[in-house]
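K.L.:
need a 3D model of the sequence below.
(chains A, B, C and D)
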Number of protein chains: 2
Amino acid sequence: MKTEHRSGCPINLSLEVFGDRWSLIILRDMIFGGKRHFRELLNGSIEGIASNILADRLKRLMELGMLTKADDPSHKQKAIYSLTEMAITLVPIMAHLGAWGRVWLPVSEELSIRAELLEKGGPAMWEQFMDELRHEHLGTPATVPGRPSVRATLQAGYEAVVARKASTAA
Amino acid sequence: MKTEHRSGCPINLSLEVFGDRWSLIILRDMIFGGKRHFRELLNGSIEGIASNILADRLKRLMELGMLTKADDPSHKQKAIYSLTEMAITLVPIMAHLGAWGRVWLPVSEELSIRAELLEKGGPAMWEQFMDELRHEHLGTPATVPGRPSVRATLQAGYEAVVARKASTAA
DNA sequence: GCAACCGATTGCAAAACGCAATCAGTTTGA
DNA sequence: TCAAACTGATTGCGTTTTGCAATCGGTTGC
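P.N.:
Numbers count the residues shown, from 1 in each chain, chains lettered A, B, ... in the order given. A predicted model of the protein is given here:
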């Protein structure tokens, strides 16, 4: 891993980690989309990432300590990627980024409903979401079961918008 | 201005705006360093931005609506760059980014003290800072004068660390 | 057996980057 | 008065990164 840095400024160092056009997209798809496999990330990406870029970024994110990789017991060739705590704590940043983008950029309604719900949920929802991610990716015990998962809530919001748009368009 | 987007996802659109290694650095220097001129940004950058990259990014950030440019009355050739509201509202993102970087990345003490103070100040401090930036860059009336400015507070913290390190090293 | 799928890798053209030198106009100061 | 320093850039050029398509060897399901 490269240890050469432009400066010790936290904002600069953060940019050195995900100051490119793809790293955060991959993490977004893992966090909000629940993607864990190479093909899921490759084919599920609405932005259309190329396979060599995806391979390169996965490797880089592993070297940086944001991801880990493990064998999938169901398939000898399959690898399963997991978020580390370092990546999971990006949730508040993702939430702010989504909120800012919703205000200032030409977002589409169906792709920004998740950001809107996450913004409205506030820090309490982010904490719950991070706990769920820790359970999924790090194997920590599930906390307070019974309530619907954040990802399911966001997904339901997304599907409601898609359904509504389909019905009004028909 | 380019209107071609990879997707309408707010996180993706945000990345299209500052998903590179320099745009946020420039905004950081304007927000926290109070830099307003080309040369200030060029020579003051600890990361060492090249002049062609700086020129390109300033142009791009203007096209995106993050910056405006005006003549400096004191010098016919001098241009003064101002943050727009769009850029000023990045303050909470900068704060979170700095907080995240402080936890996970090899930050230097003197360059992360500002991030620490901003994190501890919380949303109230961010709001005050954004108001000060609006006053500086947009000419809005100053709100609640009398308290020390956030930038001065952060700068004082930085200088205290530098002074302490100089004295212990001596 | 064979098609579909697995995580990549390779080749290649285009774009972006990093660096140094340079530009024309403006201001400063001796 | 006139040169030096400073203003916001621009140019040229070699290196690196990106984007895209094709392909790879191995695995699995039918």
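K.L.:
the host helix or strand of A:Lys59 and chain B in contact?
P.N.:
Taking DSSP states H and E as the criterion, A:Lys59 maps to helix A:51-63. No: using Cβ under 8 Å from any Cβ of the partner chain, helix A:51-63 stays clear of chain B, with a minimum separation of 12.5 Å. Heads up, the C-betas are built off the backbone N, CA and C, glycines and all.
K.L.:
next, the angle helix A:51-63 makes with the helix or strand that that helix is followed by.
P.N.:
Sequence order places strand A:67-71 as the next helix or strand after helix A:51-63, per DSSP H and E. Strand A:67-71 and helix A:51-63 are oriented at 110 degrees to each other (axes from the mean of the first three to the mean of the last three Cα atoms, to 10 degrees).
K.L.:
outside of strand A:67-71 itself, list whatever touches it.
P.N.:
By Cβ atoms under 8 Å, 6 or more residues apart in numbering or on different chains, the residues outside strand A:67-71 that reach it are A:30, A:58, A:61-62, A:78-84, A:87.
K.L.:
sheet partners, orientation included, of that strand?
P.N.:
On the basis of DSSP bridges, the sheet neighbours of strand A:67-71 come out as strand A:79-83 (antiparallel).
K.L.:
helices or strands up against the helix or strand following the partner strand?
P.N.:
Scanning forward in sequence from strand A:79-83 by DSSP H and E, the next helix or strand is helix A:85-88. Contact partners of helix A:85-88 among helices and strands, from 3 or more Cβ pairs under 8 Å, 6 or more residues apart in numbering or on different chains; DSSP states H and E: helix A:23-31, helix A:109-138.
K.L.:
quick one: those as JSON lines, columns for distance to DNA strand C, mean pLDDT and mean neighbour count too.
P.N.:
Output for the helices and strands packed on helix A:85-88, formatted as JSON lines (distance: least, Cβ to the nearest atom of the strand, whole Å; pLDDT from 0 to 100; neighbours: other Cβ atoms under 10 Å in any protein chain shown):
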{"stretch": "helix A:23-31", "distance to DNA strand C": "12", "mean pLDDT": "96", "mean neighbour count": "23"}
{"stretch": "helix A:109-138", "distance to DNA strand C": "16", "mean pLDDT": "97", "mean neighbour count": "18"}
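K.L.:
what residue in chain A comes nearest to DNA strand D?
P.N.:
Distance from DNA strand D to each residue of chain A (Cβ to the nearest atom of the strand) is smallest for A:Lys76, at 3.4 Å.
K.L.:
what is the burial count for that residue?
P.N.:
7 (other Cβ atoms under 10 Å in any protein chain shown).
K.L.:
tell me the secondary structure at it.
P.N.:
Three-state call for A:Lys76 (DSSP: H, G, I helix; E, B strand; the rest coil): coil.
K.L.:
distance of it from A:Ser51?
P.N.:
A:Lys76 is 20 Å from A:Ser51, where distance means Cβ to Cβ, to the nearest Å.
K.L.:
I'd say A:Tyr158 and A:Glu109 touch.
P.N.:
No: if you go by Cβ atoms under 8 Å, A:Tyr158 and A:Glu109 don't touch, sitting 10.0 Å apart.
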